[in-house]
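Peer 1: Next come a sequence and a model predicted from it.
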Amino acid sequence: MTIDTRGVNERTESMPWPIPVLEVVLGALEGAKVVFAMDWFRGYWQLPLHEDSQELFTFITHRGMYTPTRVPMGATDAVAYCQGVVEEIFGGLLGNGILAWLDDIVGYAESEDELLTLLDQVLARCEAYGLKLHAKKCEFFEIEVKWCGKMVSAAGVRHCSDRVQGLVEMQPPQTAGDLQQP
């Protein structure tokens, strides 16, 4: 569910937090022979919303008034807060076997034994913090995995074919109107 957070966002002082640059952090995968990918189940909804902020995000529908207790998508600092939580949870593992972009995690190692040890550490931290993973989006002990919309492997990074296919099948524009979004 997404709510209109513009009113709260306009009155929110942004929380500065560095977000990793994918093109930079992906260089850490060099030399990896085996990888895993994980995705949180309903990402932001796993992050508690501070009690002082809950009333600010209250919204009304035809079924009643609701006050969220979890971070709503679209809130000004939701991305920065999520990345901060990720860095708190995975700390020293970041850049040393795992990369995390918000709720997407990729693990990498030179051997299956190393990856198993790393996977055990990551899952232990997920359990300790009560993080639930989206089973259908998790891949383990693979040569290549989908992570953040890209295919990641020891050979490098490439775009997912399903994302590229739409561009390949796109008809060239015939008029200026064709270039405008509907």
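Peer 2: Sure, I can see it.
Peer 1: for this structure, which helix is longest?
Peer 2: helix 112-128 (DSSP state H).
Peer 1: which secondary structure elements does that helix contact?
Peer 2: Counting contacts by 3 or more CB pairs under 8 Å, 6 or more residues apart in numbering; DSSP states H and E, helix 112-128 is packed against strand 34-39, helix 78-90, strand 104-109, strand 139-142. From N, CA and C alone the C-beta is placed, and that goes for glycine too.
Peer 1: wait, which of these is closest to residue 123?
Peer 2: Of all the helices and strands packed on helix 112-128, strand 34-39 sits nearest to residue 123, with 8.8 Å by CB to CB.
Peer 1: and the closest residue to residue 106 other than its chain neighbours, how many neighbours?
Peer 2: Computed as CB to CB, 6 or more residues apart in numbering, the closest residue to residue 106 that is not its neighbour in sequence is residue 147, at 4.3 Å. Using other CB atoms under 10 Å, residue 147 has 28 neighbouring residues.
Peer 1: what does residue 108 give?
Peer 2: By other CB under 10 Å, the residues close to residue 108 number 26.
Peer 1: Now do the same for the closest residue to it other than its chain neighbours: helix, strand or coil?
Peer 2: Counting by CB to CB, 6+ apart, residue 108 lies nearest to residue 32, which is 3.6 Å off, once chain neighbours are set aside. Following DSSP: H, G, I helix; E, B strand; the rest coil, we place residue 32 in the coil state.
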